[in-house]
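J.: sequence and predicted structure, then a few things I'm wondering about:
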Amino acid sequence: MTDATARLRAGTPRYLLVLPALVPLAIIFIGSLLRLADLGLRPFRDGQIGTGVTTDNLRRFVEDPYTWRVLGDTVLLGVVCAIVTVIVAYPMALALHRLRSGALRALALFLIFSPLLTSVVVRAYGWNVLLGDGGVINQTLRAIGLIDSPLRIMYEFPAVVIAMVHVLLPFAIFPLLGVVAQVPRSALEAANDLGASRRQVFWRVTFPLTRHSVVLTWQLCFALTISAFATPALLGGGRVQVLSGLVYTNVGAVDWPMAAVQSYALLVLTLLVIGGVNVAFRLAGRSGR
Amino acid sequence: MSDRNRPLTIAVLVIGLAYLVAPLVFVVVNSFNDSGYGAWPPPGFSLRWYERLADQEGFLSAALVSLVVAAVAALGAVLAGTAAAVSITRFRYPGRRLIESLLLAPLIVPKVAIGLGAFILFLQTGFYGRDGALVALHLVLLLPFAVNIIGGALVRIPPVYEQAARDLGAGPVRAFVSATLPQLRRSLLAAYLLCFMISFDEVDATVFVVAPDQMTLPVSMYQYLQKYQDPTLAALSTVLIGATLAIVAVVLTTAGASATAGLQGGKGRIK
């Protein structure tokens, strides 16, 4: 703690400053999660939500094989999208960092930011135009004679991954760009002077120094993917089902208690995977020394 | 040493950027496509989807709702977020770490969980359908971003200037406003614009909470796209892209650097 900070704290209402953010958060965020927990424990019979406490919904959730399949697909989609995003974002961040022209850098930054300026719904429409059976990609491939019948991309797993990675990329590139820029030049020069090849410099210096942020970025992308609803719904077209889609369907079908249980399953899933990756990362770091 | 890598660097960037821009480009092109189902290549070009768009009154009122919600929620998030960021970066007190985690928690809790929970909460408290309901929900979703960006900036502003102001007799508020706030200006603008954009585009949680008479733009677009696939939505998007280009210009010229820095500043805190 610096001397100035120490003096600033004297007589200042420190807790009060956090209240304008904390009060709405406590009422709405925590309040919502508590209501949701309560709802998940209510009985649901003949299309009616009753009173009292029951574990029926939990049992219905666990015993439904369809739910487990959707749960598996949700995790798979999250893992795949997060891996692909990191693999695409890392080289882009590195390339962006190496750009020396300020104007080119600004242009590249603008283009990376540009998807954030349109709705995810609009981007889903754009992918529909590109990936559909009669869309740009299929028509182009057919025109140059590479295929006879259209490739089925739309309303399948690949379409959801393509669109989802597109949504995630800006969120991954920006933090990685900051980390890549923080790798000290002196370390790279030292490795170079000692005769390391480009590949060795990357794998022995740059990557180990940025590895922690790669894991954090992966976790953020995973959490964002399995929580997303509109993109999988619009590009999966009902053929690719994720848990958030089931929640929405059940809300429409008035089975709110089941929707609540599924929402909590999603939350537990996020915490389990993020926590699991943290533990694995720590163990790997220990055995690697 | 980066010279040997130049072609590879350029190739990676060009391919990546093309991927990022492609759907937007084809949305704009397709808004002039004469075909109703977006046939490719376009059989002809017309402005009929723009005429159809002009007849859709739902989108205009939804756009107004979205604008108001985004403007108010972003303002609330930046004001409350600034106060909270000052509290957790400038002071040390028991429970500070817990409060920080709580402020960032909405980032990893699935949006459908927040949305459905808020819907039930609002329904039970008679808040559902009120003007403030959407603003309150968005405020909570935006707070982590505001706290991250502004907190990231505050860490880099040394408290000595503020202390100097205090030593010269300024009160705590005056010292903050005159010494720290001017250095925070760009980050505040960046935080506001980012929050505005996130709110303006929010579907995943909002879809649960909107009442039929307070439809937001992305939710009404979502529902339109589920029913029709015609280029009316492309025309609407082109109009929106045109309108937002002005905002981008502001972001990149005045606040782009601190927006980037703010996002980076938060990288170590998402746990």
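T.: Received the coordinates, thanks. Computed from a prediction, not measured in an experiment: that's the story for all the values here. Numbers count the residues shown, from 1 in each chain, chains lettered A, B, ... in the order given.

J.: skip the chain neighbours and tell me the closest residue to A:Arg124.
T.: You called it Arg, but residue A:124 is Ala. A:Leu234 (3.9 Å; CB to CB, 6 or more residues apart in numbering or on different chains). Just so you know, the C-beta spots here come from the backbone N, C-alpha and C atoms, and that holds for glycine as well.

J.: helices or strands up against the host helix or strand of B:Gly152?
T.: Element membership of B:Gly152, judged by DSSP states H and E, is helix B:131-156. The contact analysis (3 or more CB pairs under 8 Å, 6 or more residues apart in numbering or on different chains; DSSP states H and E) places helix B:131-156 against helix A:14-24, helix B:57-90, helix B:96-104, helix B:111-125, helix B:181-200, helix B:206-209, helix B:256-265.

J.: looking at the ones you listed, which has the lowest confidence?
T.: Across these, helix B:256-265 has the smallest mean pLDDT, namely a mean of 50.

J.: quickly check: whichever strand or helix holds A:Val279 near chain B or not.
T.: Element membership for A:Val279 (DSSP H and E) is helix A:256-287. Yes: Helix A:256-287 is in contact with chain B by CB under 8 Å from any CB of the partner chain, via A:256, A:259-260, A:263-264, A:266-267, A:270-271, A:274, A:278.

J.: just the buried residues from these, in ChimeraX please.
T.: Selection of the buried residues among those in ChimeraX, burial being defined by 16 or more other CB atoms under 10 Å in any protein chain shown:
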select /A:256,259,260,263,264,266,267,270,274
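
J.: Serialize the residues of helix A:256-287 next to chain B to a markdown table and add fields for pLDDT.
T.: Converted to a markdown table, the residues of helix A:256-287 next to chain B look like this (pLDDT from 0 to 100):
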| residue | pLDDT |
| --- | --- |
| A:Trp256 | 91 |
| A:Ala259 | 93 |
| A:Ala260 | 94 |
| A:Ser263 | 94 |
| A:Tyr264 | 94 |
| A:Leu266 | 93 |
| A:Leu267 | 93 |
| A:Thr270 | 92 |
| A:Leu271 | 92 |
| A:Ile274 | 90 |
| A:Asn278 | 89 |
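
J.: follow-up on the earlier one: name the next helix or strand following the helix holding B:Gly152 along the chain.
T.: Sequence-wise, the next helix or strand downstream of helix B:131-156 (DSSP H and E) is helix B:160-167.

J.: and the helix holding B:Gly152, what's buried?
T.: For helix B:131-156, burial by neighbour count (16+ other CB under 10 Å) applies to B:133-154.

J.: can you check stretch B:95-102 too?
T.: Neighbour-count burial for stretch B:95-102 [16+ other CB under 10 Å]: B:96, B:99-100, B:102.

J.: can you give me the helices for the stretch 51-200 of chain A?
T.: Secondary structure of the stretch 51-200 of chain A by DSSP state H, counting those that start in this stretch: the helices cover A:56-63, A:65-98, A:102-113, A:120-131, A:136-143, A:157-182, A:185-193, A:198-201.

J.: right, and the ones you listed - which one's nearest B:Ile15?
T.: helix A:65-98 (9.0 Å; CB to CB).

J.: any stretches of chain A with poor pLDDT?
T.: By pLDDT under 70, the low-scoring segments of chain A are A:1-14, A:287-289.

J.: which residues does residue 87 contact?
T.: Answering for chain A, as no chain was given. With contact set as CB atoms under 8 Å, 6 or more residues apart in numbering or on different chains, A:Ile87 has no partners.

J.: nope, chain B please
T.: B:Ser87 makes contact with A:14-15, A:17-18, B:96, B:99 under the criterion CB under 8 Å, 6+ apart.

J.: and residue 234, what element?
T.: Just going to use chain A. helix A:230-236.

J.: wait, chain B
T.: In the assignment (DSSP H and E), B:Ala234 maps to helix B:232-250.

J.: what two of the contacts of B:Ser87 are the furthest from one another?
T.: Most distant of the contacts of B:Ser87, by CB to CB, are A:Leu17 and B:Arg96, 11.4 Å apart.

J.: how near is A:Val86 to chain B?
T.: 13 Å (CB to the nearest CB, to the nearest Å).

J.: that residue and A:Ile173 touch, don't they?
T.: No: counting by CB atoms under 8 Å, A:Val86 stays clear of A:Ile173, with 10.2 Å between them.

J.: please say which of those two ends up with more neighbours.
T.: A:Ile173 (26 against 22; other CB atoms under 10 Å in any protein chain shown).

J.: around chain B, pick out the residues from the stretch 151-289 of chain A.
T.: For the stretch 151-289 of chain A, the residues found near chain B under the criterion CB under 8 Å from any CB are A:163, A:166, A:169-170, A:174-175, A:177-179, A:188, A:192, A:198, A:213, A:216-217, A:219-220, A:223, A:226-230, A:233-234, A:244, A:247-248, A:251, A:256, A:259-260, A:263-264, A:266-267, A:270-271, A:274, A:278.

J.: filter those down to the buried ones and hand me the PyMOL line.
T.: Buried members of these, defined by 16+ other CB under 10 Å, are picked up in PyMOL with:
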select buried, chain A and resi 163+166+169+170+174+175+177+178+179+188+213+216+217+219+220+223+226+227+228+229+230+233+234+244+247+248+251+256+259+260+263+264+266+267+270+274
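
J.: surely B:Leu137 and B:Ala118 touch.
T.: Yes: here B:Leu137 reaches B:Ala118: they are 5.0 Å apart, a contact under CB under 8 Å.
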